[in-house]
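Novice: Have a look at this prediction, sequence included:
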Amino acid sequence: MGDGLGYLSFRDVSYSVEGRAILERLTVDVELGETLVLLGRSGSGKTTALRLINRLLEPTAGTIFLDGRDTRAMDAIALRRGIGYVIQEFGLLPHWTVEQNVALVPRLLRWPAAKQREKAGELLEQVGLSGGMGARRPHELSGGQRQRVAVARALAAGARLLLFDEPFGALDPVTRHEMQQQFLELRRKYEVAAVFVTHDLLEALTIGTKIAVLDRGKLEALVTPEDFWGVKTPVARAFLETLPKGVKGG
Ligand SMILES: Nc1ncnc2c1ncn2[C@@H]1O[C@H](COP(=O)(O)OP(=O)(O)OP(=O)(O)O)[C@@H](O)[C@H]1O
Ligand SMILES: [Mg+2]
């Protein structure tokens, strides 16, 4: 784009509550095919940044652009429909089957029923939930499986931007590794842009194409995983200190 905006762009975005800055002048871009990881300690403003993107919160200053458009000028509901938001509670409709949940947006768009089913089936397969899972209700799935449904639902909606708020935090390490690998595969296949919140450095290094380190609402560093080892800023160093000895200094 000639104006230098990425697919998703924060431009000097701030968010304050009663004069207290929670996010301060954040400027960052995410292209399709990229994953921006927001890494920071508890309370550093990671979730706030995600909520600003889908307008659950509005910036008190600055602008967020999606595909070159000021998100403020977009209809909030339509905006959210085009963004996958994967959080620990997932937001699935409890009385609907998995398949119906995945087909939520195609249904709102009044696709023919057969086409809805076909799309849902294809995407459930893609996230590793084939074989009768589509007929279950969300409460009959594990946490990790529900997250996969949320991802499939976003992709069925044609979302090109996916937001993840510590989605794998509660999973056992093996499942977590599987989900990370599956995420990388989906990113390749669908060429989506993603913003991924975590406080796990190894996850950030695995998943991210760039890592934004947040410190009390401010961008402390913005680096590729390869360059993370050389970053000298305090929070980045503190995260590196958490790694087991054998892993450090790679
Ligand atoms: N609605 C609100 N009103 C006032 N303060 C808020 C509000 N929401 C969040 N905060 C504060 O803003 C700061 C950033 O919160 P945020 O949820 O973005 O942090 P986070 O980085 O996601 O933390 P965690 O890793 O614990 O999830 C915190 O100090 C929090 O207490
Ligand atoms: Mg949070």
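Specialist: Everything's here; your move. Ligands and ions are numbered 1, 2, ... in the order given.
Novice: Ligand 1 contacts on the chain?
Specialist: Contact residues (C-beta under 6 Å from any ligand atom) of the chain with ligand 1: V17, I22, G40, S42, G43, S44, G45, K46, T47, T48, H199. C-beta coordinates here come from the backbone N, C-alpha and C atoms, glycine included.
Novice: next helix or strand past the top helix by length along the chain?
Specialist: Longest helix in the chain, counting residues (DSSP state H): helix 173-190. For helix 173-190, the following helix or strand on the C-terminal side (DSSP states H and E) is strand 193-198.
Novice: Show residues contacting that next one.
Specialist: Residues from elsewhere that reach strand 193-198 (C-beta atoms under 8 Å, 6 or more residues apart in numbering): 6-8, 30-39, 46-47, 49-50, 53, 160-169, 183, 187, 204, 207-208.
Novice: repeat for stretch 212-225
Specialist: When contacts are defined by C-beta under 8 Å, 6+ apart, stretch 212-225 is touched by residues 15, 21-28, 36-41, 43-46, 48-49, 204-206, 208-211, 231, 233-236, 239.
Novice: Tell me the buried residues within these.
Specialist: Buried subset of those (neighbour count, 16 or more other C-beta atoms under 10 Å): 15, 21-24, 26, 28, 36-40, 44-46, 48-49, 204-206, 208-211, 231, 235-236, 239.
Novice: In strands only, show me those residues.
Specialist: Members of these lying in strands (criterion: DSSP state E): 15, 21-24, 26, 28, 36-40, 210-211.
Novice: gap between Y190 and A152?
Specialist: 11 Å (C-beta to C-beta, to the nearest Å).
Novice: So between the two, which is more surrounded?
Specialist: Just comparing Y190 and A152: by other C-beta atoms under 10 Å the higher neighbour count belongs to A152, 29 against 18.
Novice: The more buried one contacts V127, correct?
Specialist: Yes. At 4.8 Å, A152 counts as touching V127 under the criterion of C-beta atoms under 8 Å.
Novice: quick one on the thing from earlier: tell me the buried residues within the contacts of strand 193-198.
Specialist: With burial judged by 16+ other C-beta under 10 Å, the buried subset of the contacts of strand 193-198 is 6-8, 30, 32, 34-39, 46-47, 49-50, 53, 160-168, 183, 187, 204, 207-208.
Novice: residue ranges with poor pLDDT in the chain?
Specialist: Along the chain, the model assigns pLDDT under 70 to residues 1-3, 88-90, 247-250.
Novice: wait, D165 sits on T48?
Specialist: No. With contact defined as C-beta under 8 Å, D165 does not count as touching T48 (10.6 Å).
Novice: Backbone dihedrals for L163, both of them.
Specialist: As for L163, its main-chain torsions (degrees, to the nearest 10) stand at phi -110, psi 130.
Novice: just E31 next, same as before
Specialist: phi -90, psi 160.
Novice: Check the secondary structure at F164 for me.
Specialist: Put simply, F164 is strand when judged by DSSP: H, G, I helix; E, B strand; the rest coil.
Novice: nope, G144 is what I meant
Specialist: Of the three states, G144 takes helix under three-state DSSP.
Novice: contacting residues for it?
Specialist: Contact partners of G144, counting by C-beta under 8 Å, 6+ apart, are F168, L171, T175, M179.
Novice: By neighbour count, which of those wins?
Specialist: Among the contacts of G144, F168 has the most neighbours (other C-beta under 10 Å), with 25 neighbours.
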